[in-house]
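Q: Sharing a model prediction with you, sequence too.
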Amino acid sequence: MEDERSAVKAVKNALRRSGDATTFLAGGLRTVLPALLGTCVLPLVAFLSILVIAIPWLPEVARPLRALTNAERRRVARVLGREIPEPYAPPRGTSFEQGFALLRAPSTWRDVAWMVLHGYGGLLAAVMAVSLWPSILFSLSLPLWWWAAPEGSQSAFIVLDSWPKALTMPFLQAGVNILGLWWLVPRFVRWQAWIAAKLLGPTRGVSLAERVEQLTETRAEALEAHGAELRRIERDLHDGTQAQLVSVALRLGLADRRFDADPEAARTLFLEAREGIEDALTQLRSVIRGIYPPILSDRGLPGAVRALAAGQHIPVTVEIELEIGGAERRVPAAVEAAAYFVVAEALTNIAKHSGAAAAQVTLRRDGDRLRIIVRDDGKGGADPARGSGLAGIRRRVAALDGATRVDSPVGAGTTLEVELPCGS
């Protein structure tokens with residue numbers, strides 16, 4: 001009984017997979033047909049470009065091609081599970097300069113190559129995938145009516161002219177069609193997505209240039225964040241601890257002068273100086289906590305995050321999965337401090353701005369990345385540009401070459417997702 005259920009489930013999964021693949025390939029006709037039209041226009045554009053007269057209009061000609069490739073990038077992103085970034089450089093200069101830049105750009109020729117391959121290959125794949133379904137029904141029904149059809153109008157690999165052929169060849173043909181539907185059609189989808197990813201994505205040189213630009217921006221943000229942190233520490237020490245210590249020094253000096261003439265007044269000054277030292281120590285601990293919270297050393301990141309959650313005035317659910325290979329491994333200290341800051345700042349934002357009734361904090365180790373997700377059910381509409389604390393989170397995360405994403409539709413709560421590299 002269990003084997004029968006497993007077999008039925010496997011058949012259903014295969015049908016669903018083949019159906020989804022057929023739908024994807026048939027939906028690809030929305031980009032296949034314009035690509036075929038583009039291949040018809042391509043020789044004319046190439047001829048005019050050789051004569052130079054079409055070069056100023058090349059940016060306008062390339063615009064619909066890029067719109068088509070962008071549509072294909074969005075379509076195959078569902079199969080790849082990731083977005084394909086655009087490899088295009090921003091246009092500069094006159095129309096002639098832009099036209100020559102398009103001719104020199106590898107992305108232009110890769111788009112043209114994709115258009116030709118996708119136009120013909122995509123049409124063939126879509127027609128084959130869609131036609132296989134009725135072909136199977138046609139083959140299975142052939143034994144019922146082949147004898148009544150005009151001679152030569154029915155066939156299953158060969159013309160059917162006898163009952164032995166009619167009872168064997170149609171089922172063999174249906175089996176071949178089913179095999180194609182089960183094995184070949186899903187691979188058409190993967191091949192189509194692979195071609196789009198290879199031809200429509202940025203080249204290695206473009207990717208390296210973007211990476212250099214990203215690292216340059218990250219370095220600037222890291223220096224800015226480091227400078228802001230140093231200024232904050234200096235301000236806290238100058239306005240807090242230093243002022244307290246100066247006050248203590250003055251009281252001790254006055255107590256020393258009055259010690260012989262008025263011991264009781266000197267004793268009062270000594271007591272006030274001791275209180276000032278205790279206040280200075282408290283402020284110094286606060287400064288140290290801002291650099292690296294001691295609770296991280298005492299309890300680790302899981303305990304520190306749970307302590308943050310417990311201190312909120314709304315219920316905060318905490319889920320922590322930091323195990324690798326069945327054993328929990330501690331992330332580097334800099335990553336722990338940044339993660340603690342992210343959670344603390346996010347919970348502070350929720351308390352101040354969201355109006356939420358509940359929140360959730362998730363920490364998960366995915367290989368060499370630490371993922372932090374903070375959700376709330378508040379009013380949403382959070383904008384990092386409005387100084388809600390999200391900009392500070394983004395700067396601190398960028399300093400560690402991490403990534404920050406904020407999803408905050410109005411009226412639907414806010415989700416903050418942060419990824420930090422933490423080593424394998």
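A: Cool, got the structure.
Q: from here on, contacts and neighbour counts on C-alpha atoms
A: Fine.
Q: List the contacts of G402.
A: Counting by CA atoms under 8 Å, 6 or more residues apart in numbering, G402 makes contact with V418, E419, L420, P421.
Q: nearest to L296, of those?
A: Nearest to L296 among those, counting by CA to CA, is L420 at 17.0 Å.
Q: just the strands in the stretch 51-200 of the chain please.
A: For the stretch 51-200 of the chain, applying DSSP state E, counting those that start in this stretch gives strands covering 155-156, 158-159.
Q: worst average pLDDT in those strands?
A: When the strands of the stretch 51-200 of the chain are compared on mean pLDDT, strand 155-156 scores lowest, with a mean of 67.
Q: center of the protein - which residue?
A: R82 (7.3 Å; CA atoms, centre = their mean).
Q: what ranges do the helices span in the stretch 101-250 of the chain?
A: Here the stretch 101-250 of the chain has its helices, by DSSP state H, counting those that start in this stretch, at 106-145, 163-166, 169-179, 185-200, 204-236, 243-258.
Q: Out of the ones you listed, the one nearest E264 is which?
A: helix 243-258 (8.9 Å).
Q: same for the helix or strand just after the closest one, what does it pack against?
A: Next helix or strand after helix 243-258 toward the C-terminus (DSSP states H and E): helix 263-291. The contact analysis (3 or more CA pairs under 8 Å, 6 or more residues apart in numbering; DSSP states H and E) places helix 263-291 against helix 243-258.
Q: any idea of the angle the helix or strand hosting A10 forms with helix 106-145?
A: In this structure, A10 sits in helix 2-27 according to DSSP H and E. Taking axes from the mean of the first three to the mean of the last three CA atoms, to 10 degrees, one finds helix 2-27 and helix 106-145 inclined to each other by 120 degrees.
Q: Next, the buried residues of helix 2-27.
A: A14, R17, S18, G19, A21, T22, F24, L25, A26 (16 or more other CA atoms under 10 Å).
Q: Show residues contacting the helix or strand that it is followed by.
A: Per DSSP H and E, the first helix or strand lying C-terminal to helix 2-27 is helix 29-50. Defining contact as CA under 8 Å, 6+ apart, one finds that helix 29-50 is touched by 54-55, 65, 68, 71-72, 115-116, 118-120, 122-123, 126.
Q: quick one: which of the residues you listed is most hemmed in?
A: Using other CA atoms under 10 Å as the neighbour criterion, M115 leads these with 27 neighbours.
Q: Just give the closest residue to it, not the sequence neighbours.
A: In space, M115 comes closest to A35 once its chain neighbours are excluded; the distance is 5.1 Å by CA to CA, 6 or more residues apart in numbering.
Q: The one you found - how many residues pack around it?
A: Quick note: A35 (other CA under 10 Å) scores 25 neighbours.
Q: So which elements touch the helix holding A10?
A: helix 106-145, helix 185-200.
Q: okay, those helices in JSON lines with distance to L237 next?
A: Shown next, in JSON lines, are the helices and strands packed on helix 2-27 (distance: least, CA to CA, whole Å):
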{"stretch": "helix 106-145", "distance to L237": "55"}
{"stretch": "helix 185-200", "distance to L237": "54"}
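Q: just so I know, which of these lies nearest A265?
A: Proximity to A265 (CA to CA) singles out helix 185-200 among those, at 82.1 Å.
Q: Return the member of the contacts of helix 29-50 nearest to Q244.
A: Distances from Q244 to the contacts of helix 29-50, taken as CA to CA, are shortest for A71 (64.0 Å).
Q: could you check the distance from the residue nearest to that closest one when sequence neighbours are not counted over to W191?
A: Counting by CA to CA, 6+ apart, A71 lies nearest to T31, which is 7.5 Å off, once chain neighbours are set aside. Distance, T31 to W191, by CA to CA, to the nearest Å: 16 Å.
Q: More neighbours: which of those two?
A: Using other CA under 10 Å as the criterion, T31 and W191 rank with T31 on top: 19 against 12.
Q: pLDDT value on the more buried one, please?
A: Looking at T31, the pLDDT reads 93.
Q: And the one 10 residues further on, by the same measure?
A: Turning to V41, the model gives it a pLDDT of 87.
Q: what residues are up against V116?
A: Contact analysis of V116 by CA under 8 Å, 6+ apart lists A35, L36, T39.
Q: starting at the chain centroid, how far to stretch 382-399?
A: 18 Å (CA atoms, centre = their mean, to the nearest Å).
Q: What of stretch 13-31?
A: 25 Å.
Q: now swap in stretch 163-172 and tell me
A: Relative to the centre of its chain, stretch 163-172 is centred 53 Å away, using CA atoms, centre = their mean.
Q: again, but for stretch 345-353
A: 24 Å.
Q: which residues of the stretch 251-400 of the chain fall in strands?
A: When assigned using DSSP E, counting those that start in this stretch, the strands of the stretch 251-400 of the chain occupy the ranges 316-321, 323-324, 327-328, 359-366, 369-376.
Q: want to try TSV for the ones you listed, with distance to A148 and mean neighbour count as columns?
A: Below are the strands of the stretch 251-400 of the chain laid out as TSV (distance: least, CA to CA, whole Å; neighbours: other CA atoms under 10 Å):
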stretch	distance to A148	mean neighbour count
strand 316-321	68	16
strand 323-324	68	14
strand 327-328	72	10
strand 359-366	64	19
strand 369-376	67	22
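Q: Which of those strands has the lowest mean pLDDT?
A: Ranked by mean pLDDT, the strands of the stretch 251-400 of the chain bottom out at strand 327-328, which scores a mean of 62.
Q: hang on, the earlier thing: how close does the residue nearest to M115 sit to G28?
A: Applying CA to CA to A35 and G28 gives a distance of 11 Å.
Q: Same check on T268?
A: Taken as CA to CA, the span from T268 to G28 is 86 Å.
Q: Pick out whichever of those two has more residues nearby.
A: Neighbours were counted for T268 and for G28 using other CA under 10 Å; G28 has more, 23 against 13.
Q: ok, that one touching G121?
A: No. Using CA atoms under 8 Å, G28 makes no contact with G121, being 10.9 Å away.
Q: Tell me the pLDDT of G423.
A: 63.
Q: typed the wrong thing, it's T168
A: pLDDT, T168: 87.
Q: count of neighbours near it?
A: By other CA under 10 Å, neighbour count at T168 equals 12.
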